[in-house]
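the following comprises the amino acid sequence and a computationally predicted model.
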Amino acid sequence: MLESMTFVIFIIIIALVFDFINGFHDSANSISTVVSTRVLSPKYAVLWAAFFNFAAAFLIGTHVAKTIGRDIIDPAIVDNVLIISALVGAISWNIITWYYGLPSSSSHALIGGLIGAAIAKAGTATLVWGGISKTAIFIILSPTIGMALGFVFMVLAMNLSRNSNIAKSDKVFRKLQLFSAAIYSLGHGMNDAQKTMGIIAIVLFSKGLLGPTFYIPFWLVLLCHAVIALGTMFGGWRIVKTMGTKITKLQPIGGFSAETAAACSIIGASIAGIPVSTTHTITGAIVGVGSTKRLSAVRWGVAGSIIWAWILTIPISAAISAILYLAIKYFAR
């Protein structure tokens with residue numbers, strides 16, 4: 001029993017490492033626009049984002065965590081090796097994309113990891129297609145919604161400020177961007193911290209530590225939000241440059257519009273229990289804002305490389321986790 005509990009604690013630590021890396025990897029999503037428009041310095045931007053990442057713990061339920069815990073793979077097949085393989089597969093892909101400065105999805109890396117390890121263990125019959133299909137649909141919908149809302153918010157903001165001079169408009173939207181960055185960071189915390197909650201809850205449930213009914217204990221909610229906030233504080237500076245300057249050049253009005261658009265989309269998905277990619281959504285919103293000027297204002301080559309990273313995230317993280325699962329099982333014989 002003691003040995004079993006030690007292994008559970010080890011898996012929880014690995015899951016929290018993923019949570020930290022998720023915050024580290026995705027911090028650029030929260031701060032890139034507010035840094036690129038020079039509303040906040042990187043130092044204060046990460047503190048601002050981290051605070052609201054944690055504050056999200058007190059705002060909504062755990063719908064996304066329950067989707068991850070119950071609706072991607074059959075919880076009955078979960079074992080220690082499967083969870084470790086899924087987490088290491090997701091962490092590996094996160095580190096690879098961080099190194100190359102590509103804003104890929106930690107969420108989809110984790111989902112890919114679960115899928116790959118589950119297939120390696122027991123085949124495709126273990127997959128819960130309802131949850132997977134819902135997630136897969138939003139791989140397309142989340143950046144599309146972000147793009148559409150980014151375009152709409154930018155047009156509205158420009159129309160509302162059309163009688164104002166540039167200096168006055170910038171002053172107003174610099175203040176508003178503090179608000180939009182806070183709301184976006186709340187949305188990021190709401191959706192992304194819950195993915196690690198779902199993983200840890202699967203482990204606890206599979207060991208009978210949650211009782212007969214799957215649920216997310218509140219201490220776990222606080223822990224995961226605290227760890228992702230800590231990861232955000234350390235920041236993913238390589239990705240800041242890509243998100244804030246390489247896709248399109250942003251002014252405070254554009255930063256406000258992109259963050260507000262992405263926040264609306266992410267918070268809506270979180271309430272619905274859909275594990276979306278905050279990375280996909282903010283990138284789509286930035287593209288939508290940039291396209292209000294002219295289509296050539298968007299650097300489509302950079303956007304294209306990001307899209308390729310999105311497409312490859314689930315299959316590559318699934319492949320890594322499947323190989324890990326089979327390798328661990330082989331050498332543990």
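Happy to help now that I have it.

how about the secondary structure of the nearest residue to Phe214 once chain neighbours are set aside?
In space, and not counting its chain neighbours, Phe214 is closest to Phe205: 5.1 Å by CB to CB, 6 or more residues apart in numbering. Every residue, glycine included, has its C-beta placed from N, CA and C. Classification of Phe205 using DSSP: H, G, I helix; E, B strand; the rest coil returns helix.

show the pLDDT at Phe205.
pLDDT for Phe205: 86.

show me where the stretch 151-300 of the chain has its strands.
Applying DSSP state E, counting those that start in this stretch to the stretch 151-300 of the chain gives no strands.

the helices in it, which residues?
All helices of the stretch 151-300 of the chain, identified by DSSP state H, counting those that start in this stretch, fall at 166-206, 218-234, 237-241, 252-271, 278-290, 300-331.

please identify the buried residues of the fourth one?
Along helix 252-271, the positions that meet the burial threshold by neighbour count (16 or more other CB atoms under 10 Å) are 252-267, 269-270.

now do it against helix 278-290, angle only.
Orientation of helix 252-271 against helix 278-290 (axes from the mean of the first three to the mean of the last three CA atoms, to 10 degrees) gives an angle of 140 degrees.

by contact count, what packs against helix 252-271?
The contact analysis (3 or more CB pairs under 8 Å, 6 or more residues apart in numbering; DSSP states H and E) places helix 252-271 against helix 2-36, helix 63-70, helix 129-160, helix 166-206, helix 278-290.

who wins for proximity to Ser92 among the ones you listed?
Among the helices and strands packed on helix 252-271, helix 2-36 comes nearest to Ser92, with 10.2 Å by CB to CB.

show me which residues of the closest one are buried.
Result for helix 2-36 [16+ other CB under 10 Å]: buried residues 8, 11-12, 14-36.

Ser265 contacts Thr144, correct?
No - Ser265 lies out of contact with Thr144 (CB atoms under 8 Å); the separation is 9.4 Å.

of all the residues in stretch 119-127, which ones are buried?
By neighbour count on 16+ other CB under 10 Å, the buried set for stretch 119-127 is 119-121, 126-127.

pLDDT weak spots in the stretch 201-333 of the chain?
Along the stretch 201-333 of the chain, the parts satisfying pLDDT under 70 run over 235-250, 294-307, 309.

rerun at 90
Within the stretch 201-333 of the chain, the ranges that satisfy pLDDT under 90 run 201-216, 230-256, 258-259, 268-314, 329-333.

with the stretch 51-200 of the chain instead?
Within the stretch 51-200 of the chain, the ranges that satisfy pLDDT under 90 run 57-72, 74-81, 83, 90-110, 129-144, 146-147, 157-182, 184-185, 187-196, 198-199.

if we can go back for a sec, closest to Val88 among the buried residues of stretch 119-127?
Out of these, the member with the shortest distance to Val88 (by CB to CB) is Ala120, at 12.9 Å.

thought Gly89 was touching the closest one, still the case?
No - counting by CB under 8 Å, Ala120 sits too far from Gly89 to count as a contact (10.3 Å).

what do those two both touch?
Common contacts of Ala120 and Gly89 (CB atoms under 8 Å, 6 or more residues apart in numbering): 321-322.

I figured Trp98 hits His25, correct?
Yes - judged on CB under 8 Å, Trp98 makes contact with His25 at a distance of 5.3 Å.

got the helices and strands packed on helix 252-271 as JSON lines, with distance to Tyr330 columns?
Converted to JSON lines, the helices and strands packed on helix 252-271 look like this (distance: least, CB to CB, whole Å):
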{"stretch": "helix 2-36", "distance to Tyr330": "19"}
{"stretch": "helix 63-70", "distance to Tyr330": "28"}
{"stretch": "helix 129-160", "distance to Tyr330": "27"}
{"stretch": "helix 166-206", "distance to Tyr330": "22"}
{"stretch": "helix 278-290", "distance to Tyr330": "34"}
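
can you say which of these is packed in most?
The highest mean neighbour count among those, using mean count of other CB atoms under 10 Å, belongs to helix 278-290: a mean of 30.

which strands and helices sit next to that helix?
Secondary elements touching helix 278-290 (3+ CB pairs under 8 Å, 6+ apart): helix 2-36, helix 129-160, helix 166-206, helix 252-271, helix 300-331.

would JSON lines of these with distance to Ser291 be doable?
Supplementary listing: these in JSON lines, determined by distance: least, CB to CB, whole Å:
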{"stretch": "helix 2-36", "distance to Ser291": "16"}
{"stretch": "helix 129-160", "distance to Ser291": "6"}
{"stretch": "helix 166-206", "distance to Ser291": "19"}
{"stretch": "helix 252-271", "distance to Ser291": "11"}
{"stretch": "helix 300-331", "distance to Ser291": "10"}
